[in-house]
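Student: here is a sequence with its predicted model. Questions after.
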Protein chains: 2
Amino acid sequence: MPRRVVLALACLIPLGAQAQHAGIFLNQQEAEAIRSAQGRYSLMDHSLALAAATMKNAFAQPLEVPPPGEAGGYEHERHKQNYREMRLAGLLFAITQEERYATFVRDMLELYAVMYPTLGPHPLAHHQRPGKIFHQTLNEEVWLVHTSVAYDCVYTWLSEEERERFEANIFRPMADWFSVQNESEFNRIHNHGTWAVAAVGMIGYVMGDLSLVEKALHGSRLDGQGGFLKQLDLLFSPDGYYMEGPYYIRYALMPFFYFAEAVERMQPEQEIYGYRDQILRKAYYAAVQTAFPNGIFPPINDASLTMDVAAPEVVLANALTYDRYGADDILLGVSRFQGRVPLNGGGLVLARDYDASEHEPVMSWPSLELRDGYDGLRGGLGMLRTGDGESQSMLLMKYGVHGSGHGHFDKLHFIFFDQGRQVIRDYGFGRWINVEPKFGGRYLPENDSYAMQTVAHNTVVVDATTQNGFDEDAAEVTSGQRHFFNSSDPAAQIVSARADTYYDGVEMQRTMLLLRHESVRWPVVLDLFRLTSDSAHKYDYPLHYRGQLISTNLDLETHTTALTPLGEDYGYQHIWKTAEAATDSTIRISWLDGSRYYSAISAGADGTIAILGRTGANDPEFNLRSEPLIMLRRQGADHLFVTAIVPHGYFNEARERSDGARPEIVDVRVAGHNDDGSVIEVIGIQGLLWRVMVTNHQPADSTRTHTLTLDGVTHEWTGTHHVETFRY
Amino acid sequence: MPRRVVLALACLIPLGAQAQHAGIFLNQQEAEAIRSAQGRYSLMDHSLALAAATMKNAFAQPLEVPPPGEAGGYEHERHKQNYREMRLAGLLFAITQEERYATFVRDMLELYAVMYPTLGPHPLAHHQRPGKIFHQTLNEEVWLVHTSVAYDCVYTWLSEEERERFEANIFRPMADWFSVQNESEFNRIHNHGTWAVAAVGMIGYVMGDLSLVEKALHGSRLDGQGGFLKQLDLLFSPDGYYMEGPYYIRYALMPFFYFAEAVERMQPEQEIYGYRDQILRKAYYAAVQTAFPNGIFPPINDASLTMDVAAPEVVLANALTYDRYGADDILLGVSRFQGRVPLNGGGLVLARDYDASEHEPVMSWPSLELRDGYDGLRGGLGMLRTGDGESQSMLLMKYGVHGSGHGHFDKLHFIFFDQGRQVIRDYGFGRWINVEPKFGGRYLPENDSYAMQTVAHNTVVVDATTQNGFDEDAAEVTSGQRHFFNSSDPAAQIVSARADTYYDGVEMQRTMLLLRHESVRWPVVLDLFRLTSDSAHKYDYPLHYRGQLISTNLDLETHTTALTPLGEDYGYQHIWKTAEAATDSTIRISWLDGSRYYSAISAGADGTIAILGRTGANDPEFNLRSEPLIMLRRQGADHLFVTAIVPHGYFNEARERSDGARPEIVDVRVAGHNDDGSVIEVIGIQGLLWRVMVTNHQPADSTRTHTLTLDGVTHEWTGTHHVETFRY
């Protein structure tokens, strides 16, 4: 971390107009460097301008510290506004040395110092642990994280008497509330625990009370069973993947990085950024490397469909990772989405390198697999990518742990992202976040009854029930298993995984390929979903798409004058059945989404029922979005679903252009499959033929030779898989 | 037209390397001016670069003039590509003087000169008049318009023998096919006729055959019953409104302006741009002034939802209008959407002024009313606007003529555009344009059975039938009637119109206001739809919205386990009834669309049935989009529907922000109405009260004093309307 050394060493040397205090996030030397760099680096200039504009608005209104109110209400939002403004004011004071900013922080803290001692536990906590200003401790910990940065920045400017009053009336009782009165939450290995320890540790550093820091690092009893280090041990896999998924690590990046940065500055001997083989570097990269090419985080588990890498938490972590772990052009590409940097030395380094970049920085991640589970042995997440920057296509498959209370019952689920959107999509959470008339913005009943259920995902549903019978405890003690992953051949990338403990007596293996060929315009997804069982089951293979159905080779019976739900429970009750067809042959269904056509082409099997559906049944409050799906239903014991998902052609309504409304892939055939392997053929229009062979043998062995004789033809290959491309 | 004079006078003087020919679109002097301006004007540089890139692609492929094929097929598209490339090659030859461009045009014409004489009428014309290269004459006329420009540019470069061959083998027989063999189409007062006369007139100028030009201007029999001038007389209202609507004038702008420009250059004594009090200026302005603030044309009648002012036809007309009728900053704003200019002197003038503009040019039209019908006496189109540029809100009401075969049965229909989108929307046409698997990209059966029907629009449906019983002939002989229009008060703009000849025994008046007040964040639409009849009818008031239902004060019975269609015909058969409620009270329905909430708040009336619906019933091929609507159903003889449509609050899912999910308007009341006037009260949350009085008296008279005593309260005002704003 050479570029930081010079600043870190200087952190206790008073400089400039104000004596330097702790500098947990921004020290005097950095502040001066930012001041003198004004007008030079676009991202920093823009970030300062945004902060100044926010404070201009703040100055135009009277200070207000209202009595506590309900979640999401005016008072709640006002206290959130207050901590954001205090933090910005503190940083701007350090950078500009304009006293009005310090005055703002002091006057606001005076109001809190009057009110806070009068408050008891918030009466509207419901099922959460109550804060005093906010209905839950979580929000109050966020308040203290931000306010610690502000307090640090104005510390030496304040009189001793002011500091004593603020600490006695606010900060010490608040730290006590978090770490003593709510000790179990403080020691919890969970992102709520991280906010708690970050808040207590940060204010500890600013107040010079290292006993609070010790608790924050090692747990309230200093036994290492709780606290920041234990969280770093257990909340991430060895690859840095966070078991709740990208939406939640996005939120937790802020306490992880604010507190780590404070530790690094105040106690560099802790070597916090090196802890657990640089787990914070891995955590940040794992988070941002899951992002879709347009910067949006994939909606794994309970998650918004639109949370992206421009979120403030990611802005913070991006700059600190870049600064602490070394320059990386792709992180500059992330900051292109963000358009701003944090107001500290790390932000300045990033802003400088961004402008110095010779090419426009691009966020373009490679294919990769992330192991899940703190020990790395609990399945994972596979991501295959092709193309560059925002025009990348990405196939994501999920086969890790359940992910606790926000987990979805969706093992072997996949998302296909193409053309800047999810084209085979995840529903996201059943929640209109912060929309007060929609159940207070909280999770809706339909989150449980639909969004979490297996059928809401792109993975096979057995006997029309949900994985683990929708039992979270049962789901928590198991996981998917990695089978093999290989992205070395750009023409045929592949991921394969298993989920054997999700339906009694049924084992599942999914193998997905991202194929490219010069005769096919866009990347093709090939999906082999194999189920084995000793007894017959009903297997439902759903694909959740968007857009308009264009054509199909099915002889559809469309339900034109009456719609009924597809089932009665496990999410099926929320799906209107709009059409169905029976077929034994290859199925082709084509739709239009944006400016591209898509076709799902599935190998035929006797007795297939193809179903078209649309969400919205049993939804009395219109809480669900109305979206279409395709489902293939089959009966059997051992069965292999094989589907090619083919983007094709081009459509532009405004310019009235259309071509390629029929796919370049015309057929998909199963040559055969058994416990040793599966052999598949994909037929294209211009004589293209892919023959795809994959191992089903456990474990997947790169040296094993497979010999399958199917219908009198012998197929032989060595290793996990083999893809042959012919012209026939 | 001073800036053009110097060029026009020069048009027959040979200059530069090539002798000058006619110069129907680009003469030698303009070509030299463009050449010497390279690197100076961004729009022209970009346009030249686009043209050069197209030709680079063209040079990389072999020339191909395939035998005629089916509509939308490869051969069809190839011939379209050929004429586009020939036109660009001709213009680039004139500008760059690079002979490879002229060679391209000549070699292509040689191929056509071989094939064209061998062709008979196209066998796949179906219901259209056949061309020879194309299935219909229309496409072939477009071919000749473009090719005339190309031929003009290379005329003097060609040998006399080549010219004779091209004219004998292609151009003369083609002109004969259009003007003699298909004489009735040529003389038709319709945009197809305009393409025909433009093609024949333009090639006439280039070949020096003024007899063809005479036919083009005055009809094949030179009697003025057909031809360009008669089209200019009858196809536009005195305000320039084109009776088929914006989507179709967009298409027709090209032959109108190409041919007018040729006439102006070759026969300036015709003063074509001055004809009918500058009807072409009015026509262009009327077209582009109907555009939504984001540049998209409102989908009036059969129309795409995405056609916009960046279409090539509008690029052409924008530059020629700017050049011929004088500079206009708003036209520079239009060219900001377009990003390019035509390759001639007009394009150069526009590109120069665009770069010289001190401010970023903005397309921001005022409120206006356009009269409909060639005589201006057949109703019109009212557009109320507030705000600036792309953040404008716009209310459009339609009360003109039917608009011939593409007309919809939608008199008194309205669209509300806000936040960059149609929030109370028109369905557009029932057509997946150029999408071959969707009925060859042609109009679908659902265009007739749904999109054209009254219920597909935001206007009251009487007795669940369509206006004029869906009889086009009956609709053609009548029209809506203007009542009054006043946009002088930015706080209360208003439009009122009548439609009395659409349902037997029922007269209708709709009055709409666009209201602004400092206590209400966004513009409010207030709608007064009054029906009068001697007998009781069923009145259905539909609002077609988009997005997610958020809340309502209705006690909804949602159809959770079975859906059935709302009716059996007149479009009702395509609507699933998703929920309903009975109420006598004020109705509030709120939804989320994009980053804003919207509420429809309707004054209560005894026995109201509120219905929620969604399109998609009786749609076996999934040709319709699935979209929601609200409908209020009442029984009565005389009835006044009053609804406030209120945008409110802010939502940003990615940033997890939401405020104002409840509207600032809480109640709407009818004080009373009779044949003299209506009095309405709108109640806001912070004590705002609007009292709105409008005249129902015919004719609307700005000097008339109205005195209505309603429930013992006397309301008096003078003029068409009066809006009082109170704090209660």
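Tutor: Yes, it's here.
Student: could you use CA atoms for every contact and neighbour count after this?
Tutor: Fine.
Student: confirm that A:E161 sits in a strand.
Tutor: No: assessed with DSSP: H, G, I helix; E, B strand; the rest coil, A:E161 is helix; it does not lie in a strand.
Student: what about it, distance to A:D209?
Tutor: Note on A:E161: its distance to A:D209, by CA to CA, to the nearest Å, is 18 Å.
Student: higher neighbour count, the two?
Tutor: Between A:E161 and A:D209, counted using other CA atoms under 10 Å in any protein chain shown, the more crowded position is A:D209 (15 against 9).
Student: so who does that one touch?
Tutor: Contact partners of A:D209, counting by CA atoms under 8 Å, 6 or more residues apart in numbering or on different chains, are absent.
Student: outline the domain layout of chain A.
Tutor: A:2-356, A:378-727 (automatic domain parsing).
Student: would you turn these into a markdown table with mean pLDDT?
Tutor: As requested, the domains of chain A are exported to a markdown table (pLDDT from 0 to 100):
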| stretch | mean pLDDT |
| --- | --- |
| domain A:2-356 | 93 |
| domain A:378-727 | 96 |
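Student: any idea whether A:Y247 is helix, strand or coil?
Tutor: Applying three-state DSSP: A:Y247 is helix.
Student: what is the burial count for it?
Tutor: A total of 24 residues lie near A:Y247 under the criterion other CA under 10 Å.
Student: looks like it contacts A:P299 (just checking).
Tutor: Yes: at 6.9 Å, A:Y247 counts as touching A:P299 under the criterion of CA atoms under 8 Å.
Student: can you point out the buried residues in the longest strand along chain A?
Tutor: In chain A, with assignment by DSSP state E, the single longest strand is strand A:520-533. Residues of strand A:520-533 classed as buried: A:520, A:522-533 (neighbour count, 16 or more other CA atoms under 10 Å in any protein chain shown).
Student: and those as a markdown table, adding distance to chain B?
Tutor: Putting those into a markdown table (distance: CA to the nearest CA, whole Å) gives the following:
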| residue | distance to chain B |
| --- | --- |
| A:V520 | 18 |
| A:W522 | 19 |
| A:P523 | 22 |
| A:V524 | 21 |
| A:V525 | 23 |
| A:L526 | 24 |
| A:D527 | 26 |
| A:L528 | 28 |
| A:F529 | 28 |
| A:R530 | 31 |
| A:L531 | 32 |
| A:T532 | 34 |
| A:S533 | 34 |
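Student: need the residues of the stretch 451-600 of chain A near chain B, please.
Tutor: A:548-551, A:557-565 (CA under 8 Å from any CA of the partner chain).
Student: which of those residues are buried?
Tutor: A:Q548, A:L549, A:I550, A:S551, A:T558, A:H559, A:T560, A:T561, A:A562, A:L563, A:T564, A:P565.
Student: quick one: which of those residues is nearest B:R340?
Tutor: Taking CA to CA as the measure, A:Q548 is the one of those closest to B:R340, at 32.3 Å.
Student: list the beta-bridge partners for the closest one.
Tutor: Beta-bridge pairing for A:Q548 (DSSP bridges): A:L592.
Student: A:G430 contacts A:R442, doesn't it?
Tutor: No: A:G430 is not in contact with A:R442 according to CA under 8 Å; the separation is 9.0 Å.
Student: of those two, which one has the most company?
Tutor: Per other CA under 10 Å, whichever of A:G430 and A:R442 has more neighbours is A:G430, with 23 against 18.
Student: for that one, which non-adjacent residue is spatially closest?
Tutor: A:N447 (4.1 Å; CA to CA, 6 or more residues apart in numbering or on different chains).
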